[in-house]
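Engineer: Just the structure for this:
(one chain, ligands or ions: 1)
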Amino acid sequence: MIFTLFATSLVFFALYLYTWWAKREKRQVELRKIVDRKRADRAESVKFARESAQKLNLDTRNKIAALEYSKLKEALQNGSISCIDAVRTYYHKAILANEKTNSVCMFVKEAERWALEWDEKAKDPDFKKPPLFGLPMSLKECVPLEGYDQTRGFVQDTYRPTKVDGVLVQQLKKLGAIPYVQTNVPQSLLSYNCSNPVYGKTTHPMDSTRTSGGSSGGESALISADGSILGIGGDVGGSIRIPCAYTGTTGIKPSHLRFSHRGVCGSVPGRPLINSNDGPMAQNVDTTVDFLRTVWADTWITEQDPYVPPVTWNEDVYSSTKKLKIGYYIDDGWFTPTPVCQRAVMEAKQILEDAGHTLVPFKPPKVPEVIRMFIRAVCVDAGKYLSRKLMNDIIDPLLYTQVVLWMVPVPVQRFFANIIKTFFPRFGSLMTSLTLSTEELRCTYADIEAYRSEMSNLIIEKNLDALLCPVTVTPALPHVVPSKLFAGTSYTAIFNLLDYAAGSVNVTYVTKKDEQDLEDNYEPSDPWYALAKQHSRGTVGLPIGVQVATPPYREETCLRLMREIERGVTGK
Ligand SMILES: CCCCCC/C=C\CCCCCCCC(=O)NCCO
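Structural biologist: Here you go, the predicted model:
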């Protein structure tokens, strides 16, 4: 009797599994067809951009292509070049960069029409050109752009074009900028690599075996390969700063409420405390400053979205010559960065000291707890929303490690955490991050608020204007590593948890001596350190950035210090 019952249950279970598997297989076939269709559409959009670019004569194109940001803006303003010529030049530049890095999702065909319309308007002598008149801009794929998908790398979200531009895109268009290309992201956005089943893998312009970072990795690759002069990225745990640090570009994540979030589809909707924010990415700090100075020149954003406080650009703070007090650290006590990342901070420290600022050692409290609180609050529902979406999709193989962790039931993770803690304490600790209950989640929100308060007290007590630290723990990593090493985001994630402004600026490049230091002085004392060490080998010549962070609404101070570091590094 028992045997029959057991055998029947087994048969039913096998049938259930088979039905589930057959259904999933059927769905995978459908999804693969959608991918083929989308990739054909992309090829079509590249063809369109190529044909448009070919309408421009070579001399004009070369002349425009050589202009740096301020000169391009000036030439568009004084009419020495037209908007359509600027767009066609940037179509061409992005095609070349894309061939090298696979950073483009779609070219924006309407850019041609918008450019022609602006040129038409400019024929009227009374027409007053808006400040970003004719400026081609790239957008991370998840930035809401009317008529275009925001898939976040999910096949299931293709062919669902956004109906209304996000507030930032509305503003860009009003100010005269021309979005001409959408750039790639990792599936789910919750990774600092850049690959998805829809558009494939974006590569680092200097080493195709490595990632350009993520999640704004399409932007960093495109900008670094000179396919864009200014782009918009997004950041919930480092997604602007890590790609910038990896590729030698620069970018800032403003504090959450300096931009509107209306209609923005983040990685996990319904996240109350830790939220993604848009921010500019560019080849230099001046460009990001000019951009933010322009979009924050008035309270237009607040008028569209009353939840955004009316905080406008503060030129006095940016241009101030007052000497500042800056806390710095090279090790947050959770993940010791490889030697080159530490060297970059020490060089930036020297530059700031030479400029007359006071640098004092600083240690952010409780970082191991911060990273646990961050993961819990950023996933919110222990990964349920993401697991469900991923199970209904083609899962990107480069995300497998993270996906497995989202799928293992939390009680099972907790059980094994206790065992794993004995031989790999850091991973054991992270295995207790995902929430078990709403009560736990509520307590974590309370803890985050308490942490913000503790940090505020520290900053006030020590009279600090800013913090200086590494962006991450290694140079650009091979594509598959970020999903195994999400612990390396502690240097960026802390400032999302605190909702500080935080930016990344290039300081140096990996040298042979750095590689020797890595061999001699970086102990692979656990599997994460071993991964960091192993994959930091062979990186001579890759860029390394540092991070500057300031309390909310002090983006101007953050940018001022980033600019001073950049001036110290480049001499310009
Ligand atoms: C055992 C814990 C499993 C946790 C799985 C990992 C969860 C989170 C990893 C966070 C990695 C964050 C990378 C940065 C992502 C980012 O800023 N995205 C921007 C979205 O707009």
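
Engineer: Name the helix or strand for the residue in the stretch 1-150 of the chain that the ligand sits nearest to, please.
Structural biologist: The nearest approach of the stretch 1-150 of the chain to the ligand comes at C142, 6.4 Å away (C-beta to the nearest ligand atom). C-betas here are computed from N, CA, C, even on glycine. According to DSSP states H and E, C142 maps onto no helix or strand at all.

Engineer: how many other residues sit next to it?
Structural biologist: Counted with other C-beta atoms under 10 Å, residues neighbouring C142 total 30.

Engineer: Kindly report the same for V167.
Structural biologist: 22.

Engineer: Is Y445 in contact with A377, as I believe?
Structural biologist: Yes - under the criterion of C-beta atoms under 8 Å, Y445 makes contact with A377 at 6.9 Å.

Engineer: more crowded one of those two?
Structural biologist: For Y445 versus A377, the count of surrounding residues by other C-beta under 10 Å is larger for A377: 24 against 16.

Engineer: Dihedrals phi and psi, the nearest residue to H204 once chain neighbours are set aside?
Structural biologist: In this structure, H204 finds its nearest non-sequential neighbour in R210, 4.3 Å apart by C-beta to C-beta, 6 or more residues apart in numbering. With angles defined as degrees, to the nearest 10, R210 sits at phi -120, psi 160.

Engineer: List the contacts of R210.
Structural biologist: 203-204, 246, 476-479, 539, 542 (C-beta atoms under 8 Å, 6 or more residues apart in numbering).

Engineer: distance of it from A221?
Structural biologist: 11 Å (C-beta to C-beta, to the nearest Å).

Engineer: can you list residues touching both of the two?
Structural biologist: The contact lists of R210 and A221 share 203-204, where a contact means C-beta under 8 Å, 6+ apart.

Engineer: Retrieve the pLDDT associated with L31.
Structural biologist: With respect to pLDDT, L31 has a value of 98.

Engineer: thinking it is in contact with D393, fair?
Structural biologist: Yes - taking C-beta under 8 Å as the definition, L31 is a contact partner of D393 at 6.6 Å.

Engineer: Those two - which one has more neighbours?
Structural biologist: D393 (22 against 19).

Engineer: who touches that one in this structure?
Structural biologist: 31, 154-156, 187, 197.

Engineer: Now it: phi and psi?
Structural biologist: phi -140, psi 180.

Engineer: same check, this time on the one 10 residues further on
Structural biologist: Note on V403: backbone dihedrals following degrees, to the nearest 10 are phi -60, psi -40.

Engineer: From E454, how far off is it?
Structural biologist: 34 Å.

Engineer: Compare the two (neighbour count), which wins?
Structural biologist: Taking neighbours as other C-beta under 10 Å, V403 and E454 compare with V403 leading, 19 against 13.

Engineer: Next, the contact list for that one, please.
Structural biologist: Counting by C-beta under 8 Å, 6+ apart, V403 touches 387, 390, 395.

Engineer: can these go into JSON lines with extra columns for neighbour count, pLDDT and secondary structure?
Structural biologist: Formatted as JSON lines, those follow (neighbours: other C-beta atoms under 10 Å; pLDDT from 0 to 100; DSSP: H, G, I helix; E, B strand; the rest coil):
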{"residue": "S387", "neighbour count": "17", "pLDDT": "93", "secondary structure": "helix"}
{"residue": "L390", "neighbour count": "21", "pLDDT": "95", "secondary structure": "helix"}
{"residue": "I395", "neighbour count": "17", "pLDDT": "97", "secondary structure": "coil"}
